[in-house]
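Student: Quick one: sequence plus predicted model below, questions after.
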Amino acid sequence: MKQSRDYIFHEATMSLCSVCSKNVPAKLLIENNHIYIQKSCNEHGIHTELLEEDADYHLSKRKFDKSGTFTHPDTSIAHGCPNDCGLCPDHDQHTCIGLIEITNRCNLQCPVCFANSGNDQSLSVATINKMLDFYVDAEDGDAEILQISGGEPTIHPNIIEILELALSKHIRYVMLNTNGIRIATDIDFVKQLSKFNSRFEVYLQFDGFKETTYQHLRGTNILDLKLQAITNLLNHEIPVTLVSSIVQGVNDDEIGEIIKFGMEKKGIRGINFQPIAFFGRNNTQVALNRTTLSGIIRQIELQASDIFTKGDIIPLPCNVERVAIAYLIKGKKGKFIPLARKVEINSYLPIVENTFAFDADRVIDSTIEHIKNEMQLCDCFKLLNDIREFFPKSYLIKNEADKREFINENTFRISVTSFIDKYNFDLKSMQKECVHILTPDNKRIPFSAYNMFHRK
């Protein structure tokens, strides 16, 4: 009897050699309900790497996929993805999040730092202003989310001026991406941040509650500083998103505790989980038991089973390959309910924007506009009814401050973002990535490609 292979050949793709990082042909394989990438390099042979821990989740992505948003390319095609980044015409998605690293200086030496921060390079305000204008122009005057990052951006001498400048532009939301040390220790600085009372949020690095977690990820135990930073921010009514880097066997058992902590704190708007990527200081050989996006979703369902069930966390239509999302809204009993449990999101893909940003009034407005354009009775009316169940009848006539207060108190978001390294690289994921580094020479480079190849 002829012997069958141990796997199913799912599809062909392009990847990178796990040794030399050159473009190589690859297969996506299904084995034991896992998805693996098997690459073949003429020089270094065959390498097999883990892509997803849950093959069912990976196979379900397609029903949420939609056309990308066109964006004007910044560079031409010469050597093929990911070597022409900037963005090149092959890139299939616009910039959902533009990220400016205003300084490479940092007050930590994290063993897993993407940026390998530490030297004294900082951008001038004039350079940053030009980069902001470039970002807005590249998004046709409607940029969505800007992250001010580093290094550690709060130690830039002009950080407040930079935030003021960013908020003066046509950018929907501005996030300060920080480790929180200055926020924990400088209350005058927190008071300065508190004047940005709209369109502003602090994106706070927060990895868990164990000393061993911080020793492994940050090189020192700074839990007390993290908790003090959160207290200072919430006392001054500054919205916060917690950002947790997850490593299997280090802090993946803390995912549920982080979620419950965030939901109980008024002013924490959401949590972003990031399975650790292998570049920067963390550029080491990867084992087949790496943490993956679908693995984190499974842990959320296990550790926060009173809140989440299978299907509540769905692929983000903007980038189904590497981002998952759950928007939660308070029901009548005051308990957060995942929106995907009540609304068949994949039924309304034509009116779902390619964005990370969730604005209830924009969703309702775009639904109404779609109905007008289609000139027919469609399921879009059902979406309006589905959404209105969670919003007061007076929501659309509220002023901006009242809308913001309602959203802050009644919504929560969980997201999982899996960045790409040379081990789990596949071409489609790279060309759909929508978090882009903005560079001083006016380029937008996908975050993963920048850290693999383009960071100086």
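Tutor: Now that the structure is in, tell me what you want to look at. In this text, all values refer to a predicted model and were calculated from it rather than measured experimentally. Numbering: from 1, shown residues only.
Student: all contacts plus neighbour counts: C-alpha atoms, from now on.
Tutor: Noted.
Student: which residues are in contact with stretch 306-324?
Tutor: 61-62, 64-66, 68, 93, 293, 297, 300-301, 325-326, 336-341, 349, 352-356, 415-419, 428-429, 432-434 (CA atoms under 8 Å, 6 or more residues apart in numbering).
Student: List the buried residues of it.
Tutor: Using 16 or more other CA atoms under 10 Å as the test for burial, stretch 306-324 gives 307-309, 312-324.
Student: same thing with stretch 217-231?
Tutor: The neighbour-count criterion (16+ other CA under 10 Å) identifies 217, 218, 221, 222, 223, 225, 226, 228, 229, 230 as the buried residues of stretch 217-231.
Student: how would you label the last one: helix, strand or coil?
Tutor: Which is residue 230. Here residue 230 is recorded as helix under DSSP: H, G, I helix; E, B strand; the rest coil.
Student: quick one, helices of the stretch 351-456 of the chain?
Tutor: In the stretch 351-456 of the chain, the segments counted as helices under DSSP state H, counting those that start in this stretch are 360-374, 380-388, 400-410, 427-432, 447-449.
Student: that older thread, report the buried members of the contacts of stretch 306-324.
Tutor: Buried subset of the contacts of stretch 306-324 (neighbour count, 16+ other CA under 10 Å): 61, 64-66, 68, 93, 293, 297, 300-301, 325-326, 336-341, 349, 352-356, 415-419, 428-429, 432-434.
Student: so of these, which ones are in strands?
Tutor: 325, 326, 336, 337, 338, 415, 416, 417 (DSSP state E).
Student: so residue 89 makes contact with residue 77?
Tutor: Yes - with contact defined as CA atoms under 8 Å, residue 89 and residue 77 form a contacting pair (6.8 Å).
Student: And residue 402, how far from residue 263?
Tutor: 21 Å (CA to CA, to the nearest Å).
Student: cool, residue 53 as well?
Tutor: Counting by CA to CA, the gap from residue 53 to residue 263 is 27 Å.
Student: more crowded one of the two?
Tutor: Of the pair residue 53 and residue 263, residue 53 is the one with more neighbours under other CA atoms under 10 Å, namely 24 against 18.
Student: Skip the chain neighbours and tell me the closest residue to the more buried one.
Tutor: residue 34 (4.8 Å; CA to CA, 6 or more residues apart in numbering).
Student: Quick check: residue 452 touching residue 424?
Tutor: No - counting by CA under 8 Å, residue 452 does not reach residue 424; the two are 11.9 Å apart.
Student: For residue 122, the count of nearby residues, please.
Tutor: Residues lying near residue 122 (other CA under 10 Å) number 17.
Student: Specify the beta-bridge partners of it.
Tutor: residue 103 (DSSP bridges).
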